[in-house]
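S.K.: Give me the fold of what follows.
(2 chains)
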Amino acid sequence: MNSSLKLTLLAENVDLRARLETAEETLRAIGGGEVDALVVESVAGPQVYTLQGLDAETSRSRDDMLAHVSDAVIAVDNEDRIIYFNAAAELLYGVTASAALGQTRSKIHETSWPHPDDEAAARNTLRERGEWRGEKIHITQDGRKLNVESSITVPRRIAGQPAGLLAVIRNVTERTKHEEKIRASEMRYRRLFEAARDGILVVDPHTRKIIDANPFMTQMLGYPHDQLVGKELFEIGLFKDQAASQEMVRQLTREKEVRYENLPLESLDGQHQEVEIVANLYDENALPVIQFNIRDITERKRSEEHVKLLIAEVNHRAKNLLALVQAVTQLTSKYGDPVTFAARLADRIDALAAGQDLLVKSQWQGVELSDLVVAQLAHFEDLIGTRVLIEGPRVRLTTAAAQGIGMALHELATNAAKYGALSNPRGEVRIAWQISTAATPAFLMSWLEEGGPKVTEPTGKGFGQIVIGRMAQAAINGIAETTFRESGLAWHLSAPVENALVLTEMGTTDEFAYRRLC
Amino acid sequence: MGKNAPPTIESSAIDALAVPSAAPRYVLRLYIVGFTSRAARAISNIRKICEEHLEGRYDLDIVDIAQHPALAGGEQIIAVPTLVKKSPLPIRRFIGDMSHTEHILLGLDLRAAAEQHALTTKS
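M.R.: Modelled structure (predicted):
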């Protein structure tokens, strides 16, 4: 016998021995009752013949049913090894039954409990009652986090011993996410409701009684929440009686949204406040409710009134100013050279504008006299403190006084620059004011020039003289005097304090807080 | 045959049959039919054997021929549960609920390893 044939025979022998062992083992297993079914090869493929009777049939049909349920079904033995894993479980955990069977559950998923004590509680319940139902989190092998609802029972053998566990597991991840979204949304809107700076009332349209109110509403009305709930709307003054309240509901049913302006709201202490209300009718869990958003408009009303007043005042002042401009224009054209009309008029309007700027800056609450002097002598800024000396307490001129004195200062300065103390290199101007301490305090102001060219009294009255005379007098309802001294022009103005100055709450101006700019 | 001559195909096959590698990877397939207590026992027992003696070097597939009867074709399955050792060669079949641990360890060529394991455990 050659070696090749010998090897072939050896291999055949090994194969035959194996087959014989398999056959003997099959017989032993059948004899020992360890076999569930026999498989016979046929033309149509393998045919499976089960060896049990009705019980096996029942078991198989139960098996078929479990394979088709949409919930995952997992059975484990007493050692927690998986002995059943249906198609839904394969889908849920991404593991084939083939890979899962015989494994412990921890190889398929990790379990996380919503609260630390839940696991021990579930074990106790299973031990005592043989069943447990609840929610937990399964983390799959591929890292997915599943919210599951488990129903676990302890199957018993005929003798009563426990035979592992049977778990029916429903994936509620989407539902949980949805519920979490709803919870977050509820919390968000609850916070809006509670933090709103408008009053919110929720009312039952059938009874017209309040069923909820936000904290701001209870604050507006002065009622504690529990006293407000159950009240009818007319009881808090929103509608004069039940009939009006019913009419509101009818209108709301037709139009879904109704707006009310200026309704009176009555608080617990009987006080009324003006409110604006927007009422909406909508469904809450298929039941209609009315939501009232209530805004206290007292402040807004006050603000609107204030704006109206301001507009009227601005209009009035604009007209005054225009009248003043008109007068200045007429007088400028009447006196002086027509060739220089435009330049003179522009200068005077600039002087008016400088005073106007100061008034606007102080919101029409008067003008500091020292600021007015500096503004009108802006062209001589370099001389202030040397040849232009300014001295006086801190006082605030009224609007009219500021306009009149401002124009007068402009004319005086222009005249001094052209013909007076500021027209040569040596002259000086001293501008001073004070409040006399006589029984009736008076405002006194002076413009004194020295060291300029020799002064002679003009033969006629020009525009400048009208401004420093009549116009200044009219502005403060006082007296203006101009003296043409040879050494220089002197201008004196006097008036009762209240005609020229804005009085402080103390009844007078700031006491002699002299501000020397020189 | 010369001393340095390359081995013939037949001799490779014989070598494979006669001299298994030191730590071969086991490929096992367990055929069951539905959710029966025998199937459950068979699954549980074979997993336990694998975890104890073949940790990290086995692949165990469980095939339910109630759901996939065609998978039993060509595997010479006569009765279920049947465990087929597909690798390493030779192919071996074990029938029943896999409760005869010694017999299976012997058939899987794991008896020596099992004894060694037992000694280690005892010591």
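S.K.: Mind picking out the helix or strand in chain B with the poorest mean pLDDT?
M.R.: helix B:9-18 (a mean of 46; mean pLDDT, DSSP states H and E).
S.K.: Give me the next element, helix or strand, following that one.
M.R.: Downstream of helix B:9-18, the next assigned helix or strand under DSSP states H and E is strand B:26-32.
S.K.: Now find how far off-centre that next one is within its chain.
M.R.: Averaging C-alpha positions (Cα atoms, centre = their mean, to the nearest Å) puts strand B:26-32 7 Å from its chain's average.
S.K.: And for stretch A:267-274?
M.R.: The chain centre lies 28 Å from the centre of stretch A:267-274; the measure is Cα atoms, centre = their mean.
S.K.: buried residues in that stretch?
M.R.: Buried residues in stretch A:267-274, defined by neighbour count with 16 or more other Cβ atoms under 10 Å in any protein chain shown: A:273-274. All C-beta atoms are positioned from the backbone trio N, CA, C, and that covers glycine.
S.K.: for chain B, which helix is longest?
M.R.: helix B:37-53 (DSSP state H).
S.K.: Please name the nearest non-neighbouring residue to residue 25.
M.R.: No chain was given, so I picked chain A. residue B:95 (4.9 Å; Cβ to Cβ, 6 or more residues apart in numbering or on different chains).
S.K.: looking at chain B here, not the other one
M.R.: Per Cβ to Cβ, 6+ apart, closest to residue B:25 is residue B:57, 4.9 Å.
S.K.: For the one you found, list the residues it contacts.
M.R.: B:23-26 (Cβ atoms under 8 Å, 6 or more residues apart in numbering or on different chains).
S.K.: switch to 10 Å and redo it
M.R.: Counting by Cβ atoms under 10 Å, 6 or more residues apart in numbering or on different chains, residue B:57 touches B:23-26, B:50.
S.K.: wait, the residue nearest to residue A:25 sits on residue B:30?
M.R.: No - using Cβ atoms under 10 Å, residue B:95 is not in contact with residue B:30; the gap is 11.1 Å.
S.K.: Mutual contacts of those two, please.
M.R.: Counting by Cβ under 10 Å, 6+ apart, the residues touching both residue B:95 and residue B:30 are B:42, B:80-83.
S.K.: Columns secondary structure, pLDDT and neighbour count on top of the residues you listed, output as TSV?
M.R.: Shown next, in TSV, are those (DSSP: H, G, I helix; E, B strand; the rest coil; pLDDT from 0 to 100; neighbours: other Cβ atoms under 10 Å in any protein chain shown):
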residue	secondary structure	pLDDT	neighbour count
B:42	helix	89	30
B:80	strand	89	31
B:81	coil	91	30
B:82	strand	92	29
B:83	strand	93	25
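S.K.: ok, which pair from the residues you listed is furthest apart?
M.R.: Longest distance between any two of these is 9.9 Å, between B:80 and B:83; criterion Cβ to Cβ.
S.K.: list the helices and strands the helix or strand residue A:189 falls within packs on?
M.R.: Using DSSP H and E, residue A:189 sits within helix A:173-195. If contacts are counted by 3 or more Cβ pairs under 10 Å, 6 or more residues apart in numbering or on different chains; DSSP states H and E, helix A:173-195 sits against strand A:131-140, strand A:145-153, strand A:199-204, helix A:215-221.
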